[in-house]
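Asks: A structural model of the following input is requested.
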Amino acid sequence: MTIESEHASLTAAQIMRAAEVAALLHVPVSTVHDWARSGRLPSRKRGKHRLFIRAEIERWILADD
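Replies: Numbering: from 1, shown residues only. Next up, the predicted model:
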């Protein structure tokens, strides 16, 4: 499955804000923003908003680095 087809019909439940990601990871929101800006955490920038795709965050959590 390609990224394009996986995200073609996202629902609101599949999109997370930084505060939701921070709560999930038990880190401050500022850390989530820093990780996203540096590319460490997958995210999408839309205007002034940074959005996180739930499936990508879950894969990131489970990834062996």
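
Asks: tell me the pLDDT at the residue nearest to the spatial centre of the chain?
Replies: Centroid check for the chain by Cα atoms, centre = their mean gives residue 52 as the closest residue, at 2.7 Å. Per-residue pLDDT puts residue 52 at 98.

Asks: Quick check: it is in a strand.
Replies: Yes - assigned with DSSP: H, G, I helix; E, B strand; the rest coil, residue 52 falls within a strand.

Asks: Next up, the contacts around it.
Replies: 15, 16, 17, 18, 20, 21, 36, 41, 42, 43, 44 (Cβ atoms under 8 Å, 6 or more residues apart in numbering). Just so you know, the C-beta spots here come from the backbone N, C-alpha and C atoms, and that holds for glycine as well.

Asks: my guess is residue 35 contacts residue 41, does it?
Replies: Yes - here residue 35 reaches residue 41: they are 3.8 Å apart, a contact under Cβ atoms under 8 Å.

Asks: Can you get me the start-to-end distance on stretch 24-31?
Replies: Start-to-end span of stretch 24-31 (Cα to Cα, to the nearest Å) is 12 Å.

Asks: make that stretch 39-56, sorry
Replies: Stretch 39-56 end-to-end distance (Cα to Cα) = 13 Å.

Asks: Where does pLDDT dip in the chain?
Replies: Where the chain drops to pLDDT under 70, the residues are 1-8, 65.

Asks: if we can go back for a sec, excluding chain neighbours, what is closest to the residue nearest to the centre of the chain?
Replies: Counting by Cβ to Cβ, 6 or more residues apart in numbering, the nearest residue to residue 52 once its immediate chain neighbours are dropped is residue 16, at 4.3 Å.

Asks: That neighbour: neighbour count?
Replies: Number of residues near residue 16 (other Cβ atoms under 10 Å) recorded here: 20.

Asks: I'd like to know how far residue 38 sits from residue 32.
Replies: Separation of residue 38 from residue 32 (Cβ to Cβ, to the nearest Å): 11 Å.

Asks: higher neighbour count, these two?
Replies: residue 32 (26 against 8).

Asks: what helices or strands is the helix or strand hosting that one leaning on?
Replies: Assessed by DSSP states H and E, residue 32 sits inside helix 29-38. For helix 29-38, the elements it packs on are helix 18-25, strand 49-53, judged by 3 or more Cβ pairs under 8 Å, 6 or more residues apart in numbering; DSSP states H and E.
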